[in-house]
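> can't give you the sequence, but here's the structure:
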Ligand SMILES: Nc1ncnc2c1ncn2[C@@H]1O[C@H](COP(=O)(O)OP(=O)(O)OP(=O)(O)O)[C@@H](O)[C@H]1O
Ligand SMILES: Cc1ncc(CO)c(N)n1
């Protein structure tokens, strides 16, 4: 039996709902062997972030080297990157280890409003990392920052997707979590056609780590050799079940339910 191997390069969320913890849980649920390279340690719970400790860039490089030279990486994702120096090291290591299946979740701000990427690093994402990616998965505010557009209509989102593709990425999913529309509609574009993924919008406060979980599920699918579209469809089903069956933990934005998808099968 071949075992699919996925690496997450992201921040640690002590609360277990987002970041590295959400990614590893998602990999495991989708039967993919999960590995991690931690960029920053956050002290965080469902109410917010109380501390951020960025790791030295060399520590990130060493973690990636350690797993890539021994266990092997079929697909990788990035989440919280924290600063430009760490971003540079990630780009270098992705090239060096020929990681061709790369999902970039351009994490900028936590749901609680705390910055997870220094502001001066936002533009560097476009230059350093996005051109190396198979797919990027911005939420609406992130897509607005990356394109400089305001994205109120589907037509505007389509135009933004085209502009993001011009940065050299193979495909884009602009997530629709941050609206009050009745359905949560994500827009997929791979340069050929636009496709949408829709789910009912659940009126819940337990949406901490939805983006991390979604991008981790895409990474798991790619690691298993699925086509990108197949991986994105499964990821949408995974996150929809995880939001549909909340765990009701914590006093704020609680985590999603990472085992709900398995139970729905
Ligand atoms: N209330 C909701 N009901 C149904 N689906 C949702 C809801 N909120 C988010 N989603 C879905 O979850 C996925 C993640 O989208 P979202 O826009 O929330 O990501 P995000 O803001 O990057 O998340 P986070 O920063 O918390 O990790 C998308 O598929 C989106 O459509
Ligand atoms: C560590 C970490 N990464 C990503 C997010 C975005 O949800 C978060 N809240 N925390």
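Received, thanks. As the structure is a prediction and not an experimental result, all values here were calculated from the model. Ligands and ions are numbered 1, 2, ... in the order given.
> every contact and neighbour count from this point should use C-alpha atoms.
OK.
> quick check, pLDDT for the residue lying closest to residue 262 once chain neighbours are set aside.
Take residue 262 and drop its neighbours on the chain: the residue closest to it by C-alpha to C-alpha, 6 or more residues apart in numbering is residue 29, 6.9 Å away. Per-residue pLDDT puts residue 29 at 98.
> what's the separation between residue 29 and residue 228?
19 Å (C-alpha to C-alpha, to the nearest Å).
> kindly report the same for residue 50.
When residue 50 is compared with residue 228 (using C-alpha to C-alpha), they lie 36 Å apart.
> who has more neighbours, those two?
A direct count of neighbours by other C-alpha atoms under 10 Å for residue 50 and residue 228 places residue 228 higher, at 19 against 10.
> do you know how far that one is from ligand 2?
22 Å (C-alpha to the nearest ligand atom, to the nearest Å).
> who touches residue 72 in this structure?
Going by C-alpha atoms under 8 Å, 6 or more residues apart in numbering, residue 72 touches residue 5.
> quick check on it: phi, psi?
Dihedral pair for residue 72: phi 90, psi 150, per degrees, to the nearest 10.
> so for it, what pLDDT did the model give?
97.
> and if you look at residue 159?
Reported pLDDT for residue 159: 97.
> how about the helices of the stretch 1-150 of the chain, start to end?
19-29, 57-70, 84-96, 122-124, 140-147 (DSSP state H, counting those that start in this stretch).
> please identify the most buried of the ones you listed.
A comparison of the helices of the stretch 1-150 of the chain by mean neighbour count, using mean count of other C-alpha atoms under 10 Å, puts helix 19-29 on top with a mean of 26.
> please report how far residue 41 lies from ligand 2.
From residue 41 over to ligand 2 (counting by C-alpha to the nearest ligand atom), the distance is 7 Å.
> what packs against the top strand by length along the chain?
The longest strand of the chain (DSSP state E) is strand 33-45. Counting contacts by 3 or more C-alpha pairs under 8 Å, 6 or more residues apart in numbering; DSSP states H and E, strand 33-45 packs against strand 5-13, helix 19-29, strand 48-54, helix 57-70.
> any idea of the mean pLDDT for that strand?
Here the average pLDDT along strand 33-45 is 98.
> that strand to strand 48-54, inter-axis angle?
120 degrees (axes from the mean of the first three to the mean of the last three C-alpha atoms, to 10 degrees).
> angle of strand 33-45 against helix 19-29?
Using the same axes, to 10 degrees: strand 33-45 against helix 19-29 is 140 degrees.
> from the rest of the structure, what touches strand 33-45?
By C-alpha under 8 Å, 6+ apart, strand 33-45 touches 3-16, 20, 24, 27-28, 49-55, 57, 60, 63-64, 67, 80-82, 86, 250.
> for this protein, what lies in contact range of ligand 2?
Within the chain, the positions adjacent to ligand 2 are 11-13, 18-19, 42, 79-80, 110, 208-209 by C-alpha under 6 Å from any ligand atom.
> any chance of these in TSV, plus distance to residue 118?
Converted to TSV, the residues of the chain next to ligand 2 look like this (distance: C-alpha to C-alpha, whole Å):
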residue	distance to residue 118
11	14
12	17
13	17
18	19
19	17
42	14
79	13
80	10
110	12
208	20
209	19
